[in-house]
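S.K.: build the 3D model from these lines:
(chains A, B, C and D)
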There are 2 protein chains.
Amino acid sequence: MILLPVLASYVASNTPFVLYANCNVVYDGRASSLLSDGNFLTIYKSDGSLQIHGADKIMPRNYQGAKSRLSFDGRQLVSHNKREKILVNINQILQLLPLQEWSDHSIVINKTEKELVEKLLHDWQYFIDVECHTIVREYSTDYGPVDLVGVDIFDCKHVVEVKRRKASIKDVTQLRKYLECIPGAKGYIAAPNISPKASKYLSQHQCRFITIDFDA
Amino acid sequence: MILLPVLASYVASNTPFVLYANCNVVYDGRASSLLSDGNFLTIYKSDGSLQIHGADKIMPRNYQGAKSRLSFDGRQLVSHNKREKILVNINQILQLLPLQEWSDHSIVINKTEKELVEKLLHDWQYFIDVECHTIVREYSTDYGPVDLVGVDIFDCKHVVEVKRRKASIKDVTQLRKYLECIPGAKGYIAAPNISPKASKYLSQHQCRFITIDFDA
DNA sequence: ATTTGCATGTCGACT
DNA sequence: AGTCGACGTGCAAAT
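M.R.: Residues are numbered from 1 along each chain as shown, chains lettered A, B, ... in the order given. Below you'll find the model as predicted:
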């Protein structure tokens, strides 16, 4: 097959490429897996990452993160890093493209949790309805930082965990963890919505739900 | 550009394809984002999913899940589903490949959490060191199923949360949530390892750590 | 349709 | 290198 030397040259020069090939994939590392023979799409990026995609799903069938080393012995692509290894056994190359001048800039994103935190901080009184002389972002505790902590005139702390989407049970467990290190504090989940079970669990622990979303 | 009608035909016939193009991407849905002009790799799969990759990372810059609808108006790829929308504004097509006969079978995977659960179940005595007349997998509680619950001769319940990798603080909070619904139970985290903070948090709550891994 | 928890989660930030 | 938490998490299973 005439494309094998081309592939070899891409690997040698760390050129990113897309390879459509009949192949199978063996992975061993954190888990281990086999992908049996079929036509799959392999993407190599010059950060060292490798991913093998099937005909559906967003997630690749197999993948290896950045800073992996790729090599090619004529038939087999091998990607390995400290503790993981992928073998792509190539039966037949169907398509092969180099990806030159591939851009690496990132997206600019809105509607993040950070924005909701800012919003709540700015309009604390409206959302929490308790006057606080101090409000701290990323309040540090023994078991990690809390999104927002306000201190009222009685020195009582109001601990708020903010979520960008509907709050679930595990969000409440996260809040409880923080509450344990801050004796006497009141707990809040602030989110656009909350699931019924999470809501029940929240109120059983004398915590309150605050509605907050991205609309004006 | 001669490739635009080709792209149109792929979209019309729901043919999966890889498109390398100079483009920008606008997303609005759960969040909103902008990816400014650059050369990016777009993958369309016939399950309706779309993803736009940059030159690094495993994750795409933008994506849309399965069951989305793709259309093309000559310049712009549009993918939308119930509540999300992506626009890919194409300045120039650099490469375009149809992906025929793309395989959709999945990997066969080993070293899952399920395997660790089986292992612990099979050698309960060795790991937990308490004789139990009953051991239940996926034991149902008000706040979700527990991996393993054993009942000893004093009717005391031993609640085990299994993790396939190093246990962290949030794994302990998950265990505690289950313990709350089962009064008088003893709690265990079984994992290959545990972080120092998680270990401290675990012992503060009178729970035990059990070492279990994928080796023989 | 909603909710939950696993995942080779990935990724970024901070220690 | 280790730990932690957000993420448009994705994804499957259970309800």
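S.K.: show me which residues of chain A sit near DNA strand C.
M.R.: Contacts of chain A with DNA strand C, taken as CB under 7 Å from any atom of the strand, map to A:27, A:29-31, A:33, A:49, A:61-66, A:84, A:86, A:106, A:166, A:168-170, A:195-198. Glycine gets a C-beta too; all of them are placed from N, C-alpha and C.
S.K.: so which of the residues you listed are in strands?
M.R.: Among the residues of chain A next to DNA strand C, DSSP state E puts A:27, A:33, A:62-64, A:86 in strands.
S.K.: specify which member of these is nearest to A:P5.
M.R.: Minimum distance to A:P5 across these is 21.8 Å, recorded for A:I86 (CB to CB).
S.K.: need the contact list for the closest one.
M.R.: Neighbouring residues of A:I86 by CB atoms under 8 Å, 6 or more residues apart in numbering or on different chains: A:25-27, A:50, A:52, A:62-64, A:77-80.
S.K.: adding neighbour count, write those out as JSON lines.
M.R.: Output for those, formatted as JSON lines (neighbours: other CB atoms under 10 Å in any protein chain shown):
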{"residue": "A:V25", "neighbour count": "23"}
{"residue": "A:V26", "neighbour count": "17"}
{"residue": "A:Y27", "neighbour count": "24"}
{"residue": "A:L50", "neighbour count": "23"}
{"residue": "A:I52", "neighbour count": "25"}
{"residue": "A:N62", "neighbour count": "24"}
{"residue": "A:Y63", "neighbour count": "19"}
{"residue": "A:Q64", "neighbour count": "24"}
{"residue": "A:L77", "neighbour count": "23"}
{"residue": "A:V78", "neighbour count": "18"}
{"residue": "A:S79", "neighbour count": "26"}
{"residue": "A:H80", "neighbour count": "16"}
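S.K.: just the closest residue of chain A to DNA strand D, please.
M.R.: Nearest to DNA strand D in chain A, going by CB to the nearest atom of the strand, is A:G144, at a distance of 2.5 Å.
S.K.: coming back round to it: now the residues of chain A next to DNA strand C: which count as buried?
M.R.: Neighbour-count burial (16 or more other CB atoms under 10 Å in any protein chain shown) applied to those gives A:27, A:31, A:33, A:49, A:61-64, A:84, A:86, A:168-169, A:195, A:198.
S.K.: tell me what the helix or strand hosting A:G38 is packed against?
M.R.: According to DSSP states H and E, A:G38 maps onto strand A:32-44. Here strand A:32-44 touches strand A:17-28, strand A:50-53, strand A:85-98, strand B:108-110, going by 3 or more CB pairs under 8 Å, 6 or more residues apart in numbering or on different chains; DSSP states H and E.
S.K.: next, the buried residues of stretch A:152-171.
M.R.: Counting neighbours by 16+ other CB under 10 Å, one finds that the buried residues in stretch A:152-171 are A:157-164, A:167-169, A:171.
S.K.: now, which of these lie within helices?
M.R.: Assigned to helices by DSSP state H, the following of those qualify: A:169, A:171.
S.K.: out of the buried residues of stretch A:152-171, flag the one nearest to A:E101.
M.R.: Comparing the buried residues of stretch A:152-171 against A:E101 with CB to CB places A:R164 closest, at 34.3 Å.
S.K.: quick one: the spatially most central residue of chain A from A:T134, how far?
M.R.: Nearest to the geometric centre of chain A sits A:M59, at 12.3 Å (CA atoms, centre = their mean). According to CB to CB, to the nearest Å, A:M59 stands 44 Å off from A:T134.
S.K.: same deal with A:L34?
M.R.: Note on A:L34: its distance to A:T134, by CB to CB, is 57 Å.
S.K.: now swap in A:D28 and tell me
M.R.: Distance, A:D28 to A:T134, using CB to CB: 52 Å.
S.K.: the two - which one has more neighbours?
M.R.: Between A:D28 and A:T134, counting by other CB atoms under 10 Å in any protein chain shown, A:D28 is the more crowded of the two (16 against 10).
S.K.: pull the contacting residues for that one.
M.R.: A:84-85.
S.K.: bridged to it, which residues?
M.R.: Per DSSP bridges, the residues bridged to A:D28 are A:S32, A:K85.
S.K.: count of residues packed around A:C207?
M.R.: Other residues near A:C207 come to 20 when the count uses other CB under 10 Å.
S.K.: if you could redo that for A:Q204, that was the one I meant.
M.R.: Residue neighbour count, defined by other CB under 10 Å, stands at 10 for A:Q204.
S.K.: so who does A:D37 touch?
M.R.: A:D37 makes contact with A:22-24, A:91, according to CB under 8 Å, 6+ apart.
S.K.: one more time with 7 Å, if that's ok
M.R.: For A:D37, the contact set (CB atoms under 7 Å, 6 or more residues apart in numbering or on different chains) comprises A:22, A:24, A:91.
S.K.: one more: A:D147?
M.R.: Counting by CB under 7 Å, 6+ apart, A:D147 makes contact with A:117, A:160-162.
S.K.: out of these, list just those in strands.
M.R.: Of these, the ones assigned to strands by DSSP E are A:160-162.
S.K.: nearest to DNA strand C among those?
M.R.: For these, the nearest to DNA strand C is A:E161 (14.8 Å; CB to the nearest atom of the strand).
S.K.: excluding residues flanking it in the chain, which one is nearest that closest one?
M.R.: In space, and not counting its chain neighbours, A:E161 is closest to A:L175: 4.4 Å by CB to CB, 6 or more residues apart in numbering or on different chains.
S.K.: now do the buried residues in the helix or strand hosting that neighbour.
M.R.: Assigning secondary structure by DSSP H and E places A:L175 in helix A:169-181. By neighbour count with 16+ other CB under 10 Å, helix A:169-181 contains the buried residues A:169, A:171-180.
S.K.: got a pLDDT number for A:M1?
M.R.: On pLDDT, A:M1 comes in at 71.
S.K.: hmm, I was thinking of A:T173
M.R.: 97.
S.K.: repeat for A:F17
M.R.: The model reports A:F17 with a pLDDT of 99.
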